[in-house]
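**Student:** Pasting a predicted model and its sequence here:
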Amino acid sequence: MNILVTGGAGFIGSHVVDLLLKKKHKVVVIDNLCNGSIRNVNDRAIFFRFDITSSSIEALFRNNHFDAVIHLAAHIDARASLQKPLLDARTNILGSLNIIDLCIRYKVKRFIYASSAAVYGNPEYLPMDERHPIRPINNYGISKQVVEHYLDVAHRISGMEYVILRFSNVYGPRQGGMGEAGVIAKFLRQIIDKRPITVNGDGRQTRDFIYVKDVAKAISLCLRKRPKRRIMNISTDVEIPLNQIVEIIRHALKEPIRKKHAPAHPGDVQRSRMDNHVARTQLNWHPETDIEEGIHETVVFFRKQKAAPKRRKELRER
């Protein structure tokens, strides 16, 4: 298949690109490199430095005839979205509409959209399934929900098939430290740099952490399966307190950790756990990486990154 991956230089996107290339797909990547890095882009992918709001992207659709689009590009910092709602909306809503419109006009067969647990807001029950009420508590969650609605309308007017994957807290190699989803990467960078880590709140708050390569596998399965359900949670269905995450990191690093606490962020949910039954049954998918193994692999990556000499990778725009 000929596949376009938006945000393909980013954390999740680069792992998706690696897996698609391994499966012999042709992959075109667009990324504005605001959050991503050219170092993440597989040499076998065709890379273009574009913002998803750019009108220049139309030439790619005209010249490539994509079979599928995997839309991962986004303004990802939920907390910053509260201070910069226009930036969040411009990227996540208007940028997504630009991609959706081009998919309709150039008859792309399938659209895979990266949504988020943020659309649910404060949980009314756990684990949250796909029928949980949608009440986002930040602008990021609102922007993700809005695009879900646009995709439903796009399907009704054009017949374009789509799948919406609502990710829980994704972690793993190549991750930045923005927002609560990046807390593992943030902790690791602080510890490796010999700095104390900061835990907001008492550390008893729980999150459902999913390893990035398990997320990439779920996305890849959406290309060859036609699920009856168009919205699926991608999660482990396990809630883990942040204090336990700190202990797992300490064990993986085999060194003491200096920890301090700060006030909890307003609006942060206390507990999170997402039901993944639909993805298991519709995609024949399940998370394969437990938290200890995933954190170990992430530690190995960050230590290698810290030890490696900094080399400049040339920007390969085509």
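**Tutor:** Ah, there it is. Source: prediction; values computed, not measured.

**Student:** who touches stretch 120-127?
**Tutor:** 128, 132-137, 141, 166, 208, 235, 237, 239, 269, 271-275 (Cβ atoms under 8 Å, 6 or more residues apart in numbering). For glycine as for every other residue, the C-beta is placed from the backbone atoms N, C-alpha and C.

**Student:** Which residues are in contact with residue 238?
**Tutor:** Contacts of residue 238 (Cβ under 8 Å, 6+ apart): 208, 273, 291.

**Student:** most surrounded residue in those?
**Tutor:** residue 208 (26 neighbours; other Cβ atoms under 10 Å).

**Student:** my read: it touches residue 245, true?
**Tutor:** No - under the criterion of Cβ atoms under 8 Å, residue 208 makes no contact with residue 245, lying 11.8 Å away.

**Student:** Which parts of the stretch 201-318 of the chain are strands?
**Tutor:** 206-207, 209-211, 231-234, 240-241, 259-262 (DSSP state E, counting those that start in this stretch).

**Student:** Just name the most buried of the ones you listed.
**Tutor:** Neighbour counts (mean count of other Cβ atoms under 10 Å) averaged over each of these peak at strand 209-211, with a mean of 27.

**Student:** What pairs with that strand, parallel or antiparallel?
**Tutor:** strand 169-171 (parallel) (DSSP bridges).

**Student:** Tell me which residues of the strand it pairs with come out buried.
**Tutor:** 169, 170, 171 (16 or more other Cβ atoms under 10 Å).

**Student:** swap in stretch 259-276?
**Tutor:** 259, 268, 269, 272, 273, 274, 275, 276.

**Student:** quick check, nearest of the buried residues of strand 169-171 to residue 147?
**Tutor:** Nearest to residue 147 out of the buried residues of strand 169-171 is residue 170 (Cβ to Cβ; 17.9 Å).

**Student:** The closest one and residue 201, how far apart?
**Tutor:** 21 Å (Cβ to Cβ, to the nearest Å).

**Student:** now swap in residue 127 and tell me
**Tutor:** 21 Å.

**Student:** hmm, back to that, could you dump the buried residues of strand 169-171 to TSV with pLDDT?
**Tutor:** Shown next, in TSV, are the buried residues of strand 169-171 (pLDDT from 0 to 100):
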residue	pLDDT
169	95
170	96
171	97
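
**Student:** now those as CSV including distance to residue 155?
**Tutor:** As requested, those are exported to CSV (distance: Cβ to Cβ, whole Å):
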residue, distance to residue 155
169, 28
170, 26
171, 31
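
**Student:** Residue 302 touches residue 189, doesn't it?
**Tutor:** Yes - counting by Cβ under 8 Å, residue 302 touches residue 189, with 6.7 Å between them.

**Student:** and for the two, which residues touch both?
**Tutor:** Joint contacts of residue 302 and residue 189 (Cβ under 8 Å, 6+ apart) do not exist.

**Student:** Out of the buried residues of strand 169-171, the closest to residue 57 would be?
**Tutor:** residue 170 (25.2 Å).

**Student:** wait, which of the strands of the stretch 201-318 of the chain is closest to residue 104?
**Tutor:** Closest approach to residue 104 among the strands of the stretch 201-318 of the chain (Cβ to Cβ): strand 231-234, 19.7 Å.

**Student:** Under the pLDDT cut-off, which ranges of this protein? List them.
**Tutor:** 77-82, 177-181, 266-267, 309-318 (pLDDT under 70).

**Student:** Just give me the longest helix of it.
**Tutor:** Using DSSP state H, we find that the single longest helix of the chain is helix 139-158.

**Student:** Pull the distance from that one to the chain's centre.
**Tutor:** Centroid separation for helix 139-158 versus its chain: 17 Å, with Cα atoms, centre = their mean, to the nearest Å.

**Student:** helices or strands next to the very next helix or strand once past that helix in the packing?
**Tutor:** Moving toward the C-terminus from helix 139-158, the next helix or strand (DSSP states H and E) is strand 161-167. If contacts are counted by 3 or more Cβ pairs under 8 Å, 6 or more residues apart in numbering; DSSP states H and E, strand 161-167 sits against strand 110-116, helix 139-158, helix 212-224, strand 231-234.

**Student:** and with 6 Å instead?
**Tutor:** If contacts are counted by 3 or more Cβ pairs under 6 Å, 6 or more residues apart in numbering; DSSP states H and E, strand 161-167 sits against strand 110-116, helix 139-158, strand 231-234.

**Student:** Turn the ones you listed into JSON lines, including distance to residue 44.
**Tutor:** Shown next, in JSON lines, are these (distance: least, Cβ to Cβ, whole Å):
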{"stretch": "strand 110-116", "distance to residue 44": "20"}
{"stretch": "helix 139-158", "distance to residue 44": "29"}
{"stretch": "strand 231-234", "distance to residue 44": "25"}
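
**Student:** How much space separates the residue nearest to residue 259 when sequence neighbours are not counted from residue 264?
**Tutor:** Leaving aside its sequence neighbours, residue 259 sits nearest to residue 197 (Cβ to Cβ, 6 or more residues apart in numbering; 5.3 Å). Distance, residue 197 to residue 264, by Cβ to Cβ: 15 Å.
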